[in-house]
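**Q** Give me coordinates for this.
(one chain, ligands or ions: 1)
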Amino acid sequence: MNETECKAALFLDRDGVINHDAGYIHKIADFRFIDGIFDLCATARDLDYKLIVVTNQSGIGRGFYTEEDFHQLTAWMREAFITAGVPLDAVYYCPFHPDGIGPYRKKSPLRKPAPGMLLQAREELAVDLGRSVLIGDKESDIEAAHNACLPLAIRFSNKRDIRSKADRIFSDHAEVARFLTCFTNRQKEVGGP
Ligand SMILES: [Mg+2]
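**A** A predicted model of the protein is given here:
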């Protein structure tokens, strides 16, 4: 695989980044998009990033809702991204949890902070992790980005005083979009033609 086939990705956590996190969201009626998420994705697409969702869904493992519930909500969410002109390239999820029930009860290499979902995207979608970016609202997202050796991990939070290993903390997707543009242009300059 040559370098031109490998694209960078913007990895998006779901709850707290794409939609407001009211806890174990699994119904369309409860899913509220965060302002600016579609514009951020449009900026990322213009900058040639793939758009990939990576979401822990322990609510499945804990028995709060089913994988079918998750897939139905995901299909609806993906339609909304298509309608907004920014189709998602992929949605990865981890239903497993050490406190889960039945077959879902396990420690999974896919569950963030482990980097499994990002590594899976690298294999399946030819993502160049060395130029990719993650945005998440929890420290486990940031740790997953670091564990996958991403050059930029952004924490999305409106708390300014949080302790975080993130490279940047933003509370507004328009700020993320501006920073992503600067970061990407700078990387291109460093990387040369
Ligand atoms: Mg989250």
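**Q** Only C-alpha atoms from now on, for both contacts and neighbour counts.
**A** OK.
**Q** For the closest residue to the ion within the chain, list each beta-bridge partner.
**A** Nearest residue of the chain to the ion, counting by Cα to the ion: residue 15, 4.1 Å away. Taking DSSP bridges as the rule, residue 15 bridges to residue 19.
**Q** What are the buried residues along stretch 130-146?
**A** 131-139, 141-146 (16 or more other Cα atoms under 10 Å).
**Q** Relative to residue 46, how far out is residue 16?
**A** Note on residue 16: its distance to residue 46, by Cα to Cα, to the nearest Å, is 23 Å.
**Q** Which one of those two is surrounded by more residues?
**A** When neighbours are counted by other Cα atoms under 10 Å, residue 16 and residue 46 differ, and residue 16 comes out ahead with 19 against 11.
**Q** can you give me phi and psi for that one?
**A** phi 100, psi 0 (degrees, to the nearest 10).
**Q** didn't it look like it was pressed against residue 137?
**A** Yes. In this structure, residue 16 is within contact of residue 137 by Cα atoms under 8 Å, at 5.7 Å.
**Q** shared neighbours, those two?
**A** residue 156 (Cα atoms under 8 Å, 6 or more residues apart in numbering).
**Q** May I see the buried residues of the lengthiest helix in the chain?
**A** The single longest helix within the chain, with elements called by DSSP state H, is helix 173-191. By neighbour count on 16+ other Cα under 10 Å, the buried set for helix 173-191 is 173, 174, 176, 177, 180, 181, 184.
**Q** List of residues touching it?
**A** The contact list for helix 173-191, computed with Cα under 8 Å, 6+ apart, reads 35, 36, 37, 39, 40, 43, 44, 47, 170.
**Q** Of the residues you listed, just the buried ones, PyMOL syntax please.
**A** Only the buried entries of the contacts of helix 173-191 go into this PyMOL selection, using 16+ other Cα under 10 Å:
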select buried, resi 36+37+39+40+43+44+170
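**Q** Counting only helices, which of the contacts of helix 173-191 make the cut?
**A** Counting by DSSP H, the contacts of helix 173-191 contribute 37, 39, 40, 43, 44 to helices.
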